[in-house]
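S.K.: Take a look and give me a structure for this.
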Amino acid sequence: MQEFYLVTGLSSTGTETISKFRRIRCVLKDKYFIHVKNVYPKNVEQVWKNFPSNTKDKEVVKIGILLLISPYLFTTPYPKQVPENLMSIIDSFDLDKFPWGQELFTMTFSHVKVALSKGPTLEEKLKGLAMYRLYGFPMAFQIWIYESIPSLVGVVCKRVCQSQSRILNWNTDIHVKSSLRENIALGGPDV
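M.R.: Numbering: from 1, shown residues only. Prediction:
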């Protein structure tokens, strides 16, 4: 768990949970999304693009934060619905006090367990279609893998710096075939 916090640089201290914010009235939703039952990133983007010039800076910042956080930190298997409790956290401006690391670790770890327990079928493996879907904040898991398997560096990813928040140290724009990934992970001849 501590490794997750170190990789992401997200806070691990605090007693708040995202479920606490389900009971709080969300002014953002009432003001900007009253016309839709469920809010999706496309709705947030529409609001962002169509702000009137007299909109308060605080509201612009809140919608901007929502636009960044909802699709990147809280990935889900569903059609990317923006959770109302996430809007409530942003609306309350408790962003700095909220233990994002705890919440995202719990969510990510539970999805990793589900993905590994289901796993691909033998037929999928034989056809080269084996894959796992990770939700939550899987990028933290990906960065941990980069750091744990040195043979990936230069082939799958590139270390770009040595910053305190380790998630900022890596870059990748390479699409690697699964056979090469397996050879790298298992120390095969293509390494």
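
S.K.: For the rest of this, base every contact and every neighbour count on C-alpha atoms.
M.R.: Noted.

S.K.: Could you check which helix or strand contains the residue nearest to Leu10 when sequence neighbours are not counted?
M.R.: Leaving aside its sequence neighbours, Leu10 sits nearest to Gly101 (C-alpha to C-alpha, 6 or more residues apart in numbering; 4.7 Å). Here Gly101, judged by DSSP states H and E, is contained in helix 100-118.

S.K.: picking up where we left off before, quick one: the residue nearest to Leu10 from Asp91, how far?
M.R.: From Gly101 across to Asp91, the span is 19 Å (C-alpha to C-alpha, to the nearest Å).

S.K.: mind listing what's buried in stretch 25-38?
M.R.: Residues of stretch 25-38 classed as buried: 26, 28-29, 32-33 (neighbour count, 16 or more other C-alpha atoms under 10 Å).

S.K.: before we move on, what about stretch 143-161?
M.R.: 143-144, 146, 151-152, 155-158.

S.K.: got the CA coordinates for it in CSV?
M.R.: Provided in CSV are the C-alpha atoms of stretch 143-161 (Å, rounded to 0.1, in the frame of the first residue of the first chain):
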residue,chain,number,x,y,z
ILE,A,143,4.7,2.5,-13.1
TRP,A,144,5.4,0.0,-10.4
ILE,A,145,6.0,-2.7,-13.1
TYR,A,146,8.4,-0.3,-15.0
GLU,A,147,10.4,0.1,-11.8
SER,A,148,10.3,-3.6,-10.9
ILE,A,149,11.3,-5.0,-14.3
PRO,A,150,14.4,-3.1,-15.5
SER,A,151,14.5,-4.9,-18.9
LEU,A,152,11.4,-2.9,-19.8
VAL,A,153,13.3,0.4,-19.8
GLY,A,154,14.2,1.4,-23.3
VAL,A,155,12.0,-1.2,-24.9
VAL,A,156,8.5,-0.4,-23.5
CYS,A,157,9.1,2.7,-21.5
LYS,A,158,11.7,5.5,-21.0
ARG,A,159,12.8,7.0,-17.7
VAL,A,160,12.7,10.8,-18.2
CYS,A,161,13.7,12.1,-14.8
